[in-house]
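**Student:** got a sequence here, can you model it:
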Amino acid sequence: MQCDTLVTRTGRYGVPMLLSDRDLVSEIKAGTLALEPFEPTLVQPSSIDVRLDRLFRVFNNHLYTHIDPSIQQDDLTSAIDVADGHPFVLHPGEFVLASTLEVITLGNQLAGRLEGKALALDTPVPTPSGWTSMGDLKVGDHVFDDRGRPVLVRSATEVLSGRPCFRVTFSDGESIVADADHRWMTTTRVERKRIDHGTMTGGTIRTTAEIASDLHYGDGEVEHQVALAEPVQYPTRELPIDPYVLGAWLGDGTSANAEFACADEPILEEIRRAGYPVRKTGAPSGYRIGGTGHTRDDSTGRFMPDDSLSSRLRRLGVLGNQHVPQLYLTADTSQRVALLQGMMDVDGYVDDRGRCEFVSTREHLTDAVVELAASLGLRPVKRKKRAILDGVDEGPAYQVTFTPHVPVFRLPRKLARQKLDRFHRSRSIVAVQPMESVPVRCIEVNDPRGMFLAGRSFIPTHNSSLGRLGLLTHSTAGFIDPGFSGHVTLELSNVANLPITLWPGMKIGQLCIFRLSSPAEHPYGSAVYGSRYQGQRGPTPSRSWQSWRTWPTR
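**Tutor:** Now for the predicted structure:
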């Protein structure tokens, strides 16, 4: 059966479709995909595990000062054939060419990749010192694990390009771009029942592609959920203003000074307890916290700033510019809870089901509440709506809702309505959408569970393809073209701190297969493209010099 007689199936978004285990087996039976030797037990939900051959090519670094792809360098590498029953030892920092045990043959409507697990470079990543991005992380940096503890980044790859990417969207609106084989720990509907009955204690590691293949069940119900992280453990900060007091002032304070509106005596008492005097102003429900912010020097007659709340607000940069300083967003757990309590006491609401809400016309304040709540292990959801006051549309307002398991109020009448049950301790994956490939990167953390947090919602995700061995695997070809037949050359790098033994016949990577939108007009192996690596046996050094050319640049 020829590949071009198959019914073309592409994804919902008009891009080539990643094949599931069922489709992979069907293609093998149809003869449009072949792996020789083929082992059925190596078929995974969205890939096929491939094994390592016994042939390697090591680089003779002492013979050349550099590698030049435009010229023939036959003695740049040397072939090694490992004897039966012996491993190849790859030392830290070393790079070697290897190949798959399997001869892989693709029909003219299929393409393949040997994939790792990576996140987009611009993915936000929380660290104990504040926010960074996946692209800026370095070995030796610290991130957070899913229990909120700082954990060391022990390995990181260079930027990887050309990988199939997906946008993973969660029920709280957060989305993260990951490649097809990036790993997540999720629970399915059946697994959640087992956890409830005590027959299962946690989730299962799945790839992005696996999640995409069974995103829904029944009448469109979401299948996969990711557990919420525990509160992240930022260090204790020296804060110039008590966090509860700052939160209350940010919620209902006057931007230009230390005055705020308050009709609740318990809130005033909390401010006094923090060491700040409170006095009534002429405005209804108006109060000034602390002194005026300046005193008169009797010798000069000049007014000098003092250590009042007003002066501290000015030094903090929030007077006339009300916002939550980064210092407070990355304070320890008790300090962040106090800040959130101050904001919620004056501007928050809790319904009779325990769902809490914060509403403001200032989006940057609601964004800060989202970050505070997420960093405390909650699941905030932000929505935009219209602010209607006495029937008049006052413009956009921003609402943040969440159901907490920690007290987010001190005001007794609100605290009494809050329920501290530990429900809503997960978020659902609501969409996995294929998208144009973007540069991605892998990291490995020094934690046996292999978990770290990513995204503005502090979402737990799993170690990269460096995985358990510290071995980075990549195919030299990038995509394996339609029509290709041969062993696939692999680039293996040891990014661990110890030597790695590579045993011929061991699993070395995952082969993902994609069905193209139409058959290739000139598949690999045809005369049009030259096909220098067709039928290759073992790892093959670069042959780019055979048809070398460059194009003008600007």
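**Student:** got the residue ranges for the helices in the chain?
**Tutor:** Using DSSP state H, the helices found in the chain span residues 21-30, 189-196, 208-213, 243-252, 265-273, 309-316, 326-329, 333-347, 363-375, 412-415.
**Student:** what's the closest of these to Glu36?
**Tutor:** helix 21-30 (10.5 Å; C-beta to C-beta). Quick note: C-beta positions are derived from backbone N, CA and C, even for glycine.
**Student:** how about that closest one: buried residues?
**Tutor:** Within helix 21-30, the residues that qualify as buried are 23-24, 27-28, counting by 16 or more other C-beta atoms under 10 Å.
**Student:** residues contacting that helix, please?
**Tutor:** 1, 6, 19, 33-35, 38, 40, 43-48, 107, 110, 513, 515 (C-beta atoms under 8 Å, 6 or more residues apart in numbering).
**Student:** how many residues are close by the nearest residue to Pro504 once chain neighbours are set aside?
**Tutor:** Once flanking residues are discounted, Pro504 sits nearest to Arg54: 3.8 Å by C-beta to C-beta, 6 or more residues apart in numbering. Arg54 sits with 20 neighbouring residues when counted by other C-beta atoms under 10 Å.
**Student:** coming back round to it: can you lay out the helices of the chain as TSV showing mean pLDDT and distance to Val381?
**Tutor:** Below are the helices of the chain laid out as TSV (pLDDT from 0 to 100; distance: least, C-beta to C-beta, whole Å):
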stretch	mean pLDDT	distance to Val381
helix 21-30	93	35
helix 189-196	89	21
helix 208-213	89	21
helix 243-252	94	20
helix 265-273	93	26
helix 309-316	89	29
helix 326-329	96	19
helix 333-347	97	16
helix 363-375	95	8
helix 412-415	94	20
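**Student:** minimum distance to Leu152: which of those helices has it?
**Tutor:** The nearest among these, by C-beta to C-beta, is helix 363-375 at 20.1 Å.
**Student:** the domain parsing of this protein - what is it?
**Tutor:** 3-115+468-547, 119-228+425-462, 243-415 (automatic domain parsing).
**Student:** tell me how far the shortest one is from the chain's mean position?
**Tutor:** Which is domain 119-228+425-462. Offset of domain 119-228+425-462 from its chain centre (C-alpha atoms, centre = their mean, to the nearest Å): 5 Å.
**Student:** which residues sit in contact with the spatially closest residue to Gly130 that is not a sequence neighbour?
**Tutor:** Counting by C-beta to C-beta, 6+ apart, Gly130 lies nearest to Thr330, which is 5.4 Å off, once chain neighbours are set aside. Applying C-beta under 8 Å, 6+ apart to Thr330 gives the contacts 128-130, 234, 237.
**Student:** next one: Pro235 from Asp136, what distance?
**Tutor:** 20 Å (C-beta to C-beta, to the nearest Å).
**Student:** comparing those two, which residue is more hemmed in?
**Tutor:** Asp136 (13 against 10).
**Student:** backbone phi and psi for that one, please?
**Tutor:** phi -100, psi -10 (degrees, to the nearest 10).
**Student:** rank the domains of the chain by mean pLDDT and give me the bottom one.
**Tutor:** Note on those: domain 3-115+468-547 shows the lowest mean pLDDT, a mean of 80.
**Student:** what's opposite the most centrally placed residue in the chain in the beta bridge?
**Tutor:** The centroid of the chain falls nearest to Ala454 when counting by C-alpha atoms, centre = their mean (3.7 Å). With beta bridges defined as DSSP bridges, Ala454 has these partners: Ile459.
**Student:** does it touch Leu121 like I think?
**Tutor:** No: look at Ala454 against Leu121 with C-beta atoms under 8 Å: they stay out of range, at 11.9 Å.
**Student:** what touches both of the two?
**Tutor:** What both Ala454 and Leu121 touch, as defined by C-beta under 8 Å, 6+ apart, is the set Met134.
**Student:** and the helices of the chain: which comes nearest Trp551?
**Tutor:** Among the helices of the chain, helix 208-213 sits nearest to Trp551 (C-beta to C-beta), with 34.3 Å.
**Student:** so which elements touch the closest one?
**Tutor:** strand 17-18, strand 165-170, strand 183-186, strand 426-435 (3 or more C-beta pairs under 8 Å, 6 or more residues apart in numbering; DSSP states H and E).
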